[in-house]
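In: would you be able to build a 3D model of this:
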Amino acid sequence: MNQKILSLLLAALLTAGSLTMTGCSDKGADNGSSQENASAQPGSVSEAEGAEEEENDFIGDDLPEKDFGGETFSILTTSWYNAKKYIYADEMNGEVVNDALYKQRAKISDRFNVDITCNDDNDLDPVSSMVHNCAISGDDSYSIVYSHDNMTMNNGLKGDFCNLRSFEVLDFSKPWWQGASQVFTIQNKLFATANPMAMSGIYMNCTVSFNKALCIDLGMELPYEKVRNGEWVLDEMIGMAEKAKVDLDGDGVYGAKDQWGFLTASYGWLQFQSDMGAGCMEKDDQGNVFFTENTDKMIAVMEKFDRMDEFTQASTGTDYNVDMFKEGRGLFMFSENRNLYESMRDSSVSYGILPAPKFDENQENYASAGYDIYWGVLLSSAAHEEMISYCLEAISCENYNNVIPAVWETVLGAKLSDAPEDSEMFHIIRDVQYVDLGYALSQSVAGLSNLVFLHTNTTADQTASYIKKMMKSLTRGTEKFNETYSSLGN
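Out: Predicted structure coming up:
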């Protein structure tokens, strides 16, 4: 994998340094601020500058050396989604990401004399209950928990987690604390977050894949130039996708055996809605959350989505109809990146990668929402704050600089080195990745889930009345959420 491409690719949340296992306690020669590192644009540096950037792009954790005398940094996670593979490796097995995670753990263990362990014996509900019971009883068996996004947020609301913003060792100016850690900071408190402590955010971010050969066969230009020029908008994608719907089996009924213009899932519509600027929740100057009441924009987006239904095959789960795309029976697929890794790497389909289109020419930037596995530090382990903080900072640093590049190489295979256009698309996507606040709180605020899954629940002509019907419970739910947050420890 070309190191310069990877270094440029992984800015902001995903900016990275060299693939060699460099010590996170060592400062780079001239790292600059996180904003400066995140501002690099593809093609904006000379070869000499690029070579210098490769040497200096490592961002250290700036932690002093410390010996914790063999204390245990214990990770609790769930068997759901095979979450452990995004976090922890028991042993070397020759697989790139696994071995990078193993080396990270070995390095941090040796550096601070800590024993890093991981338990994934239980499913979602038992893990959530275990966390709450530990908080109540004062059981400090576990340092942190990774679990289902919404469940982790709810554990935070129950008072089960420490406020990470109060941890003096954590340096929130570092790039591995940007993204979700900013979005999830409410009333200047951060009880649950997602960051490079786990690799799940890369696999679960949602992007557009498209069938290059089918696009050419239909007499259409590949969309790369429009993306570069900021002209890749929803109407453009709709116009292309409409041409791709074909009744392949000739039975007069469009179904799973036919060809479609757009493939996704109900969980894809949710993120696509947010990318179009129709998210549900914001924060005010005091950090309280509130419903955007952006009804006109939501209706406009829903009108486009209703039109897209004519050529869309959407699953009700999270498979995004990837098998149809793999078989060449879809022009566009909007899905989590994990599908590229799990299903498309051995496909003969020549496919490209794009950001979600802008809603229209008035939308300033592209956006790329996605999912993640959230984590929190158990309140019952607060007495071990220093050791936990050192591990959090150092592991995040190692993953950010060294493991994330290995993940991208594995997810994309030869894509970045063999297809410069797709490399450029990921340059664009990398700077606009985020976690939607509305989805993150959708199980914590009454009525909110109905609105983040708006296209699943209603149509454009019913959107205004649907939102109005939800407003009473949503207003109460938001007020209760803010009150509960205010009552939690600082």
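
In: how far out from the middle of the chain is the longest helix along the chain?
Out: Ordering each helix of the chain by length in residues (DSSP state H) puts helix 463-487 first. Distance of helix 463-487 from its chain centroid, counting by Cα atoms, centre = their mean, to the nearest Å, is 26 Å.

In: neighbours around residue 160, how many?
Out: 25 (other Cβ atoms under 10 Å). In short, each C-beta sits where N, CA and C put it, glycine included.

In: residues contacting the closest residue to it other than its chain neighbours?
Out: Nearest residue to residue 160, sequence neighbours excluded (Cβ to Cβ, 6 or more residues apart in numbering): residue 135, at 4.1 Å. By Cβ atoms under 8 Å, 6 or more residues apart in numbering, residue 135 lies in contact with 158, 159, 160, 161, 378, 379, 380.

In: the fifth one and residue 134 touch, don't they?
Out: Yes: Residue 378 lies in contact with residue 134 (Cβ atoms under 8 Å); the separation is 5.6 Å.

In: overlap in contacts, those two.
Out: With Cβ under 8 Å, 6+ apart, residue 378 and residue 134 have common neighbours 140, 142, 160.

In: residues contacting the last one?
Out: Read that as residue 160. Contacts of residue 160 (Cβ under 8 Å, 6+ apart): 131, 132, 134, 135, 376, 378, 379.

In: helix or strand: which one has the residue positioned nearest the centre of the chain?
Out: Nearest residue to the geometric centre of the chain (Cα atoms, centre = their mean): residue 201, 3.4 Å. Per DSSP states H and E, residue 201 falls inside helix 200-204.

In: all strands for the stretch 351-490 of the chain, in order.
Out: Per DSSP state E, counting those that start in this stretch, the stretch 351-490 of the chain carries strands over the ranges 351-354, 368-369, 374-377, 433-434.

In: got it, and the chain?
Out: Ranges of strands in the chain, per DSSP state E, are 71-78, 114-122, 144-147, 206-211, 260-265, 281-283, 289-291, 312-315, 330-336, 351-354, 368-369, 374-377, 433-434.

In: what's next to the second one, contact-wise?
Out: Contacts made with strand 114-122 from outside it, assessed by Cβ under 8 Å, 6+ apart, are listed as 68, 70-79, 83-84, 87-88, 90, 105, 108-109, 130, 142, 387, 390-391.

In: how does this structure divide into domains?
Out: 71-202+373-410, 206-369+435-474 (automatic domain parsing).

In: of the contacts of strand 114-122, buried ones?
Out: The neighbour-count test (16 or more other Cβ atoms under 10 Å) marks 68, 71-78, 83-84, 87-88, 105, 108, 130, 142, 387, 390-391 as buried among the contacts of strand 114-122.

In: may I have stretch 274-282 as CSV, with CA atoms only?
Out: Taking C-alpha atoms only, stretch 274-282 is exported to CSV below (Å, rounded to 0.1, in the frame of the first residue of the first chain):
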residue,chain,number,x,y,z
SER,A,274,-28.8,12.7,7.7
ASP,A,275,-26.3,13.2,4.9
MET,A,276,-28.9,15.2,3.0
GLY,A,277,-29.1,17.7,5.9
ALA,A,278,-32.3,16.4,7.4
GLY,A,279,-31.0,15.3,10.7
CYS,A,280,-33.2,15.6,13.8
MET,A,281,-31.1,16.8,16.7
GLU,A,282,-28.8,19.7,17.5
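
In: out of the strands of the chain, which comes closest to residue 173?
Out: The closest of the strands of the chain to residue 173 is strand 433-434. By Cβ to Cβ, the value is 18.7 Å.

In: quick one: residue 104 from residue 450, how far?
Out: Applying Cβ to Cβ, to the nearest Å, the value for residue 104 to residue 450 is 40 Å.

In: identify the residue spatially nearest to residue 280, adjacent ones excluded.
Out: Once flanking residues are discounted, residue 280 sits nearest to residue 438: 3.6 Å by Cβ to Cβ, 6+ apart.

In: so what's the one you found up against?
Out: Per Cβ under 8 Å, 6+ apart, neighbours of residue 438: 274, 279, 280, 281, 448, 451, 452.

In: got the contact list for the first one?
Out: So the one you mean is residue 274. Applying Cβ under 8 Å, 6+ apart, the residues near residue 274 are 367, 369, 436, 438, 439, 452.

In: switch the strands of the chain over to CSV; also include mean pLDDT and distance to residue 59.
Out: CSV is the format used below for the strands of the chain (pLDDT from 0 to 100; distance: least, Cβ to Cβ, whole Å):
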stretch, mean pLDDT, distance to residue 59
strand 71-78, 97, 22
strand 114-122, 97, 22
strand 144-147, 96, 22
strand 206-211, 96, 25
strand 260-265, 98, 35
strand 281-283, 96, 27
strand 289-291, 96, 31
strand 312-315, 96, 39
strand 330-336, 97, 27
strand 351-354, 92, 26
strand 368-369, 94, 22
strand 374-377, 97, 21
strand 433-434, 88, 18
